[in-house]
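**Q** Give me a model of this one.
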Amino acid sequence: MNLGPDTQWVAGVDEVGRGALFGPVVAATVILPETAITPLIQLGVRDSKRLSPKKRIDLFQQIQAIALDCKVGLASVREIDRLNILQATLLAMKRSILKLNPQPQLCLIDGNQRIPNLLIPQQTLIKGDQTSVLIASASIIAKVWRDQLIIRLAKKYPEYDLIHNKGYGTKKHREALQRYGVSPQHRLSFRPCHK
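**A** Below is the predicted model of the structure:
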């Protein structure tokens with residue numbers, strides 16, 4: 001693998017958990033060697049929302065094994081409430097990018113929002129998780145990582161049915177909010193969590 005000064009590294013960046021009522025927003029950034037793109041397409045890498053949980057975990061392991069680097073960044077519930085969900089999402093993305101080694105020459109960002117104050121060139125791609133293997137890989141890493149975190153938190157907060165809803169506002173979750181109030185991991189800036 002050529003790691004010389006002329007090598008161009010492109011990273012894919014995606015997030016998960018923007019619409020959830022509970023827990024952090026999580027972003028992942030993935031740099032893949034050129035030789036990994038076709039095998040990952042053949043393995044079925046695509047937007048994490050279009051994959052079964054079992055397939056996502058399998059691909060999560062494959063991507064981690066094959067990637068030059070992949071990192072996760074998050075923004076806490078407090079940061080979401082203080083900054084707003086969009087700014088917190090962009091912050092999580094920036095944190096995941098800055099952890100990478102090597103640093104990429106270009107970041108492909110899912111969506112239409114550029115990351116503020118990022119010194120690396122970036123390109124936004126609407127529905128990038130459906131058109132870019134790099135972004136789809138990042139979506140899988142972020143989704144599995146966040147799901148595993150929420151499953152761990154579910155032990156601490158069993159009343160909210162987090163194992164099944166992963167922090168999103170299902171009927172059961174909203175009913176639990178009515179009944180038990182909010183936990184320290186609920187986003188108070190989101191309407192269903194208002195006290």
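
**Q** Not counting sequence-adjacent ones, nearest residue to L108?
**A** Ranked by C-beta to C-beta, 6 or more residues apart in numbering and with sequence neighbours excluded, the top spatial neighbour of L108 is G12, at 5.1 Å. Glycine gets a C-beta too; all of them are placed from N, C-alpha and C.

**Q** Now that neighbour: phi and psi?
**A** Main-chain dihedrals, G12, degrees, to the nearest 10: phi -100, psi 140.

**Q** What is the burial count for it?
**A** For G12, the count of nearby residues is 28 (other C-beta atoms under 10 Å).

**Q** Put the alpha carbons of the lengthiest helix in the chain into CSV.
**A** In the chain, assigned by DSSP state H, the helix with the most residues is helix 133-156. Output in CSV follows, covering the C-alpha atoms of helix 133-156 (Å, rounded to 0.1, in the frame of the first residue of the first chain):
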residue,chain,number,x,y,z
VAL,A,133,-19.5,3.6,-0.4
LEU,A,134,-17.3,5.8,1.8
ILE,A,135,-20.4,7.6,3.3
ALA,A,136,-22.4,4.3,3.5
SER,A,137,-19.5,2.8,5.4
ALA,A,138,-19.5,5.7,7.8
SER,A,139,-23.2,5.4,8.3
ILE,A,140,-22.8,1.7,9.3
ILE,A,141,-20.0,2.5,11.7
ALA,A,142,-22.0,5.3,13.3
LYS,A,143,-25.2,3.3,13.5
VAL,A,144,-23.8,0.2,15.1
TRP,A,145,-21.6,2.2,17.5
ARG,A,146,-24.6,4.3,18.7
ASP,A,147,-26.9,1.3,18.9
GLN,A,148,-24.4,-0.5,21.1
LEU,A,149,-24.1,2.6,23.3
ILE,A,150,-27.9,2.9,23.7
ILE,A,151,-28.2,-0.8,24.5
ARG,A,152,-25.7,-0.3,27.4
LEU,A,153,-27.7,2.8,28.6
ALA,A,154,-30.9,0.8,28.4
LYS,A,155,-29.8,-1.2,31.4
LYS,A,156,-29.6,2.1,33.4
